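Visitor: This is a predicted model, with the sequence first.
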Amino acid sequence: AAGCASLDLFSRIKAFEGGDPSAQGASRGEGWGTAWKDCLIDGLHLAEVGNRILFLALQELVGELVPKLGATDLPIHLPHHSDIPEACPGPYLLASHSDQA
């Protein structure tokens, strides 16, 4: 539909050359090697690397369409997961963390 953004994930996966998708940037090449198989678990559902390619592509698309929604521009409402104690996370998550934003 006109005015509706879309993402060509097929081409991104097709162009994947293996390794770390972050290091390849937003490759939109025309290659068709076998590394694309690493992107899928069963030929249909995305594997970890396929999800990473999707994430990077969506991040790029959102950055182009709505720059103010960039990950570095959004306010933080909850603590970072590495700051939450594994042994007893409940009280920490229920506490007010507005002062950390």
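Guide: Ah, there it is. Residues are numbered from 1 along each chain as shown.

Visitor: next SSE after the helix ranked longest in the chain?
Guide: For the chain, the helix with the greatest residue count under DSSP state H is helix 48-65. As assigned by DSSP states H and E, the chain's next helix or strand after helix 48-65 is helix 89-94.

Visitor: Please list the residues outside that next one that contact it.
Guide: If you take Cβ atoms under 8 Å, 6 or more residues apart in numbering as the criterion, helix 89-94 is touched by 78-79, 84-85. All C-beta atoms are positioned from the backbone trio N, CA, C, and that covers glycine.

Visitor: rerun that using 6 Å as the cut-off
Guide: Among residues not part of helix 89-94, those counted as contacts by Cβ atoms under 6 Å, 6 or more residues apart in numbering are Ile84.

Visitor: For the longest helix of the chain, output the C-alpha coordinates as CSV.
Guide: Presented in CSV, the C-alpha positions along helix 48-65 are these (Å, rounded to 0.1, in the frame of the first residue of the first chain):
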residue,chain,number,x,y,z
GLU,A,48,19.4,-16.7,16.2
VAL,A,49,21.3,-15.1,13.3
GLY,A,50,18.1,-14.7,11.3
ASN,A,51,16.6,-12.8,14.2
ARG,A,52,19.7,-10.7,14.4
ILE,A,53,19.4,-9.8,10.7
LEU,A,54,15.8,-8.9,11.3
PHE,A,55,16.6,-6.8,14.3
LEU,A,56,19.3,-4.8,12.5
ALA,A,57,17.1,-4.3,9.5
LEU,A,58,14.2,-3.1,11.6
GLN,A,59,16.5,-0.8,13.6
GLU,A,60,17.7,0.7,10.4
LEU,A,61,14.2,1.2,9.0
VAL,A,62,12.8,2.8,12.2
GLY,A,63,15.9,5.0,12.3
GLU,A,64,15.2,6.2,8.8
LEU,A,65,11.4,6.7,9.2
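
Visitor: Thanks a lot, see you next time.
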